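**Student:** A predicted structure for the sequence below; I have some questions about it.
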Amino acid sequence: MISFAGKTAIVTGAGGGLGRCYALELARRGARLVVNDLGGAADGRGAGTAADAVVAEIAAMGGEAIANRASVTDRAAVAAMVEQAMNAFGRIDILVNNAGILRDKSFMKMELDDAQAVLDVHLMGAFNCTRAVWPVMMEQEYGRIVMTTSPSGLYGNFGQANYGAAKMGLVGLMNTLKIEGAKRHVHVNAISPVAATRMTAGLMPQEQLDKLGPEHIVPGVVYLCSEGAPSGAILQAAGGSFSLAAIMESPWVELGPQASADDVAAQWERIADLTNARTRG
C-alpha cells in the first residue's frame, strides 16, 4: 500500500474539486498537508475560505493540515507558503500544481487580459510554486512534483487557446525539470484529467459528467506522488481509465542539405509516417 507517512504535501487549488480530492487522499495515506486555495470563482476573481473547510475535513479524519490562501500568481505569497510549510513540518516532499481558472472564448473574441490571466495562473502559477519548493527538494534529495496538463493542451479545444497554451507549456516545463531533478531524486510528472468539476460544468452533457467524478482521477495522482513514481510521464485519466500520452517523432528522412520546399512536399508522406514513431529520452 502506498503510504505518505512522515511526508509533507502542498496541493494548490485544493479548496474543492480535484484538489480537494487529492488532499484528502494524501492525508488518508499519512501525509501532512498544506491546503492552498485563494477561494475565488472559477474565473479567478474574488477570494474566500475554501481551504479552511478542507483542513477541517482532514482534521476530522485525524490528519494534520494547515490552510493557505495565497494566489499562485503572487511570488512573495508563494514564498511565504513554502516558509509556512517548512516552519510547520520541516520538509516538503510533494507539490501538486492543481490551481487553475477558465476564461473561455474563441480566439477572435478573446481579450488579451483574459489570456494573460489564464497563463498567469496555470503556467506561471505552477512555475512559481515549483521554483519555490525546488531548493528544498534538491537539498533533501527527494521530491515529487505533479503538473496539471489537459487534453485541451495536448490536442486542442475550441475556445480554449489561452488554457491550451498554458497546459502545453507545463509539459515543456516538466520535460526540462525531469532532467534537472534526476540526480537528486526529484521526479516531475503531469496528470491530464477529464473530470466533472465547477470548471467543466456546462462543457459536457450532464450524463457524461456523471461518469467523470473527480475522485476517479485521484489514484493516478497519488501514484505520481509516490516514491515509486516515474519521471516525465503524462498520465491521462478519466472515469477510472488511464493511459500514457507522449510526444512522438517519425524516423528522420534524409533529403540532404540542398533540399528545397518542393522536396519536402514530395516526401511529405514519408516524413509524416508515424508507423515506426518513437519518443525521445
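**Tutor:** That came through, no problem.
**Student:** going forward, measure contacts and count neighbours with C-alpha atoms only.
**Tutor:** OK.
**Student:** Run through the neighbouring helices and strands of the helix or strand encompassing residue 128.
**Tutor:** Residue 128 is part of helix 125-140, with elements assigned from DSSP states H and E. In terms of contacts (3 or more C-alpha pairs under 8 Å, 6 or more residues apart in numbering; DSSP states H and E), helix 125-140 is packed against helix 75-89, strand 143-148.
**Student:** ok, residues contacting the last one?
**Tutor:** Judged by C-alpha atoms under 8 Å, 6 or more residues apart in numbering, the contacts made with strand 143-148 from elsewhere in the structure are 92-98, 126, 130, 137, 167, 170-171, 174, 185-193, 221, 224-227.
**Student:** tell me how far stretch 167-181 is from the chain's mean position?
**Tutor:** 11 Å (C-alpha atoms, centre = their mean, to the nearest Å).
**Student:** Next: stretch 136-143.
**Tutor:** 20 Å.
**Student:** looking at this protein, which helix or strand is least sure?
**Tutor:** helix 206-209 (a mean of 66; mean pLDDT, DSSP states H and E).
**Student:** quick one: buried residues of whichever helix or strand comes after that one?
**Tutor:** Where DSSP H and E defines the elements, the next helix or strand beyond helix 206-209 is helix 218-224. Within helix 218-224, the residues scored as buried using 16 or more other C-alpha atoms under 10 Å are 218, 220, 221, 222, 224.
**Student:** Which elements pack onto the longest helix seen in the chain?
**Tutor:** Counting residues, the longest helix found in the chain (DSSP state H) is helix 161-180. Other helices and strands packing on helix 161-180, by 3+ C-alpha pairs under 8 Å, 6+ apart, are helix 112-119, strand 143-148, helix 151-154, strand 186-194.
**Student:** Of all the ones you listed, which one is nearest residue 82?
**Tutor:** Using C-alpha to C-alpha as the measure, strand 143-148 is the one of these that comes nearest residue 82, at 13.9 Å.
**Student:** That closest one pairs with which strands, and in what direction?
**Tutor:** With DSSP bridges as the test, strand 143-148 is paired with strand 94-96 (parallel), strand 186-194 (parallel).
**Student:** OK, contacts around the closest residue in space to residue 273 that isn't next to it in sequence?
**Tutor:** What sits nearest to residue 273 in space, not counting adjacent residues and going by C-alpha to C-alpha, 6 or more residues apart in numbering, is residue 250, at 6.3 Å. Applying C-alpha under 8 Å, 6+ apart, we find residue 250 in contact with 271, 272, 273, 274, 275, 276, 277, 278.
**Student:** Put the buried members of the residues you listed into a PyMOL selection.
**Tutor:** Buried residues within these, by 16+ other C-alpha under 10 Å, are selected in PyMOL with:
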select buried, resi 271
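**Student:** so can I have TSV of the contacts of residue 250 showing distance to residue 58 and secondary structure?
**Tutor:** Converted to TSV, these look like this (distance: C-alpha to C-alpha, whole Å; DSSP: H, G, I helix; E, B strand; the rest coil):
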residue	distance to residue 58	secondary structure
271	53	helix
272	51	coil
273	51	coil
274	48	coil
275	49	coil
276	49	coil
277	46	coil
278	43	strand
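**Student:** What backbone torsions are found at residue 238?
**Tutor:** phi -160, psi 120 (degrees, to the nearest 10).
**Student:** Hmm, it is touching residue 194, no?
**Tutor:** Yes: taking contacts as C-alpha atoms under 8 Å, residue 238 lies within contact range of residue 194: 4.9 Å.
**Student:** Touching both of those two, which residues are there?
**Tutor:** 212, 217.
**Student:** Output the below-cut-off pLDDT ranges for the stretch 51-200 of the chain.
**Tutor:** Within the stretch 51-200 of the chain, the stretches with pLDDT under 70 are 196-200.
**Student:** residues in contact with the closest residue to residue 124 other than its chain neighbours?
**Tutor:** Sequence neighbours aside, residue 73 is the residue nearest to residue 124 in space, at 6.6 Å (criterion: C-alpha to C-alpha, 6+ apart). Contact analysis of residue 73 by C-alpha under 8 Å, 6+ apart lists 120, 121, 124, 125, 128.
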